[in-house]
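Novice: What shape does this take:
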Amino acid sequence: TMVCGQTWAKVATVVVAVAVSGWSIPMVTAHTTRTQDVECDVVVAGGSTASLAAAITAAEAAKELIVCFTEITDWPGGQMTAGGVPAIDFGLNRMAENQPASFRSIMAAIPGNGSQHTTYYGSGSPGACSVSDKCYRPNVLVEKWIMPRLAASPNLRVFLRTAVTDTTRGPDGTVASVTAVQRFPKDGTVEWSQRLSDELPDWYSPMDSDAFSKTVLTLKGKVFIEATELGDVLTTSGLPFAQGIEVPFENSSTYENCGQAQTLTFYMEVLPVGSGVTPAAVPAGNAAGGTWPTDYADGPAQWEHAWSWRRSYCAANRSLMAVNPGDVSQQNLGNDLDTAYLFPTMSAVKKELASGWHGGLNLTALRMLEDRAYGWYHFMVNTSHVIQADLAGRLTLNKTVSGTEHGLSKMVYWRDTRRAVRGVGGFQLTHPPLRDTMGNTGIHFNDSVAIGDYNDDTHHLQIPSCVYPAYIGTGRGEGAKPYYIPFRAMTVENVDNLLVAGKSMAQSFHANSNTRLHPSEWTTGVAAGGAAVLMVRNKWSTTDAFREIATVQKFLNSSAVGTPLLWSDVPDQDTTIGTVCELNRCFGVDAQAASKSSTFHNASSTCGKSAGELNCTALAADEWLANVQFWTSNTTVGSLIYSIQNTVLKKSTAVSGSLPPSEAMNVDANYACRLLNTTKFAGYWLCAHREQA
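Specialist: Numbering: from 1, shown residues only. Model prediction:
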């Protein structure tokens with residue numbers, strides 16, 4: 001029998017200012033100050049995993065800058081902590097070489113050897129779970145790593161229990177400030193005793209309530225990072241934002257108001273026999289219009305799987321079949337709400353914006369989600385007799401690990417949210433560049449600033465009004481490739497000082513199904529935090545940062561930030577490796593196209609070296625390669641071919657994302673290009689672009 005019992009790594013703490021929740025963190029806490037202006041260099045509007053990474057990165061990489069960080073709960077970390085998913089969803093980023101230095105540090109602080117689970121035994125983590133190498137109790141992570149790490153930066157001002165309610169933009173469109181409401185529990189208030197569906201509107205209200213006194217903060221800054229869980233900055237700034245699924249195509253600008261099924265997790269504990277402890281009273285809940293599995297009462301296997309899947313603490317036997325006294329298990333296998341979408345219609349969102357922002361949620365659906373969670377708890381209790389006859393009387397909600405009196409996690413586990421529509425240059429990150437490529441990785445963009453790896457993971461809603469478009473497919477575990485995330489996805493078109501990280505990026509719903517997991521969120525937060533530092537120091541706009549992307553990448557990869565920009569142990573493909581003389585022109589090619597030509601020259605040589613290439617000249621400024629898949633055909637030189645969808649004209653056969661801006665030009669559907677040669681090479685036409693009338 002393998003026995004649990006591990007000690008958390010010690011983390012040094014630096015005392016900075018007044019104590020908050022047991023830690024010394026610089027923040028405004030005076031109840032007598034009802035409004036306050038706060039001057040910052042970088043403002044991180046937070047609540048997500050990405051926001052924590054961004055705040056830590058910016059503060060630690062630039063100690064001369066004042067970084068202000070808002071957190072809507074009192075547990076920074078998003079899905080890693082308050083969102084109740086303390087089981088890291090890894091792909092190849094489980095390798096330390098593929099993790100930012102800050103993420104390596106937080107992973108190293110979680111006890112255990114990091115081994116993966118076997119057929120019979122759980123992973124080498126505190127939870128000995130089966131879903132991850134790192135399953136842990138979030139309250140311990142907050143206490144042992146997150147709060148000490150935040151406290152270690154004197155230039156970091158943390159505003160816990162703070163909701164962003166408004167955003168002000170200047171005449172030039174840049175963000176000037178965000179308004180946020182910070183709440184303070186009144187004496188006698190039992191915090192976290194009210195359901196989120198009841199209390200969330202109070203969090204956004206500037207008025208004192210029975211439970212909280214409030215301070216209205218105006219956070220002024222030079223660079224802002226939107227990394228909230230509900231898109232609070234995007235929505236309140238008057239900027240375009242996306243919500244739901246693009247239809248009928250991934251690059252469409254219309255949206256269907258459905259998306260991911262969300263979940264609200266909780267933690268169950270097994271009380272020892274004869275403990276004398278009475279299990280906590282738990283609201284009855286219900287299936288919220290859904291159903292429960294029918295096979296849990298047929299035998300122990302399914303129940304054991306649900307218990308050890310995301311077990312957060314293993315008290316004794318590390319077997320995946322063991323249910324030990326003292327075990328704490330996080331539950332989210334059966335409590336997805338698939339009968340309602342938590343985001344209301346766009347018209348309802350706009351109506352709320354007009355009357356006063358309070359998160360933009362369908363509170364009825366949120367109540368259903370809470371009922372579903374409580375109902376799942378009772379389902380697990382009522383079917384536990386398949387394990388032991390008396391187990392039901394010893395199962396209870398562990399409120400210490402959740403950090404709440406109501407027993408559910410502090411925040412929803414958000415799988416999607418509102419996001420930026422377009423980034424610099426009209427860019428939107430879509431799913432195909434992450435996976436549907438010929439190489440071993442997704443497209444290695446010229447402006448890649450983060451890496452990630454996870455399956456296309458969409459939890460479908462089961463409601464008649466939600467019909468998922470064909471391009472999404474089943475959307476569950478359809479395979480993945482290690483992918484790259486470009487800087488442009490972290491920008492907002494026409495807003496020079498706003499970055500977006502995590503689920504708020506300029507990406508499609510489908511792309512978010514890949515990028516939404518813990519490690520990827522963290523890497524985007526690191527990239528945003530690092531880029532913000534350079535933008536402040538150099539007085540750059542986001543367009544400037546994109547233009548100076550080599551400097552940004554060097555900084556991110558330096559010891560100041562320490563994030564990897566290339567995958568370890570994964571060969572990169574589909575980038576330009578040299579030139580060929582084909583179609584009477586000299587142009588760049590990737591490895592696949594190079595294999596189709598007898599005139600290949602490596603990167604250190606050029607075309608025109610042999611007699612057969614005397615007529616081979618470089619592509620003129622208006623000459624481009626057009627992928628035949630996305631253009632009409634023609635058999636006459638000088639005739640026009642037309643793009644059949646939004647696509648890219650290129651100077652190389654390499655994937656467009658790997659090319660510098662001068663070698664790739666985005667064009668809309670029905671764009672015209674004049675055919676210069678009726679012969680195709682490696683699936684490309686040669687055509688001449690003219691400015692469109």
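Novice: Quick check, residue 644 in contact with residue 627.
Specialist: No - between residue 644 and residue 627 there is no contact under CB atoms under 8 Å: 10.6 Å. In this view, the C-beta of every residue, glycine as well, is placed from N, C-alpha and C.
Novice: out of those two, which sits in the more crowded spot?
Specialist: More crowded of residue 644 and residue 627, by other CB atoms under 10 Å: residue 627, with 17 against 13.
Novice: which phi and psi does the more buried one have?
Specialist: phi -60, psi 120 (degrees, to the nearest 10).
Novice: Could you give the secondary structure assignment for residue 79?
Specialist: Following DSSP: H, G, I helix; E, B strand; the rest coil, we place residue 79 in the helix state.
Novice: any idea how far it lies from residue 498?
Specialist: 23 Å (CB to CB, to the nearest Å).
Novice: Compare these two and say which is more crowded by neighbours.
Specialist: Neighbour count, other CB under 10 Å: between residue 79 and residue 498, residue 79 has more, with 30 against 27.
Novice: so who does that one touch?
Specialist: Listed by CB atoms under 8 Å, 6 or more residues apart in numbering, the contact set of residue 79 reads 48-49, 85, 413-414, 518, 521.
Novice: Residue ranges in the stretch 351-500 of the chain under the pLDDT threshold?
Specialist: Along the stretch 351-500 of the chain, the parts satisfying pLDDT under 70 run over 474-479.
Novice: Let's see that with 80 instead.
Specialist: 437-439, 473-480 (pLDDT under 80).
Novice: all helices in the stretch 401-550 of the chain, in order from the N-terminus.
Specialist: 432-435, 509-515, 518-538, 542-547, 549-557 (DSSP state H, counting those that start in this stretch).
Novice: model confidence over the third one, on average?
Specialist: Spelled out, that is helix 518-538. Here helix 518-538 scores 98 as its mean pLDDT.
Novice: What pLDDT is listed against residue 576?
Specialist: Value listed for residue 576 in the pLDDT field: 80.
Novice: what's the nearest residue to residue 161 if we skip its chain neighbours?
Specialist: residue 183 (4.8 Å; CB to CB, 6 or more residues apart in numbering).
Novice: among the helices of the stretch 401-550 of the chain, which is the most enclosed?
Specialist: helix 518-538 (a mean of 27; mean count of other CB atoms under 10 Å).
Novice: quick one, it and helix 549-557 angle?
Specialist: With axes from the mean of the first three to the mean of the last three CA atoms, to 10 degrees defining the directions, helix 518-538 sits at 120 degrees from helix 549-557.
Novice: How many residues are close by residue 333?
Specialist: For residue 333, using other CB under 10 Å, the count is 18.
Novice: Same list (the helices of the stretch 401-550 of the chain) but as TSV, adding distance to residue 341.
Specialist: Below are the helices of the stretch 401-550 of the chain laid out as TSV (distance: least, CB to CB, whole Å):
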stretch	distance to residue 341
helix 432-435	24
helix 509-515	12
helix 518-538	21
helix 542-547	31
helix 549-557	36
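Novice: between the contacts of residue 79, which is nearest residue 249?
Specialist: Residue 249 lies nearest to residue 414 out of the contacts of residue 79, by CB to CB, at 24.9 Å.
Novice: So the nearest residue to that closest one once chain neighbours are set aside, which state does it fall into?
Specialist: The spatially closest residue to residue 414, leaving aside those adjacent along the chain, is residue 229, at 5.0 Å (CB to CB, 6+ apart). Of the three states, residue 229 takes coil under three-state DSSP.
Novice: Please look at residue 229 and residue 411 and confirm they touch.
Specialist: Yes - the pair residue 229 / residue 411 is scored as a contact, 6.8 Å apart, by CB under 8 Å.
Novice: and for these two, which residues touch both?
Specialist: What both residue 229 and residue 411 touch, as defined by CB under 8 Å, 6+ apart, is the set 47, 72, 78, 83.
Novice: Now name the helix or strand holding residue 575.
Specialist: Under DSSP states H and E, no helix or strand contains residue 575.
Novice: Return the residues in contact with the closest residue to it other than its chain neighbours.
Specialist: Sequence neighbours aside, residue 658 is the residue nearest to residue 575 in space, at 4.5 Å (criterion: CB to CB, 6+ apart). Contacts for residue 658 (CB under 8 Å, 6+ apart) come out as 443-446, 574-576.
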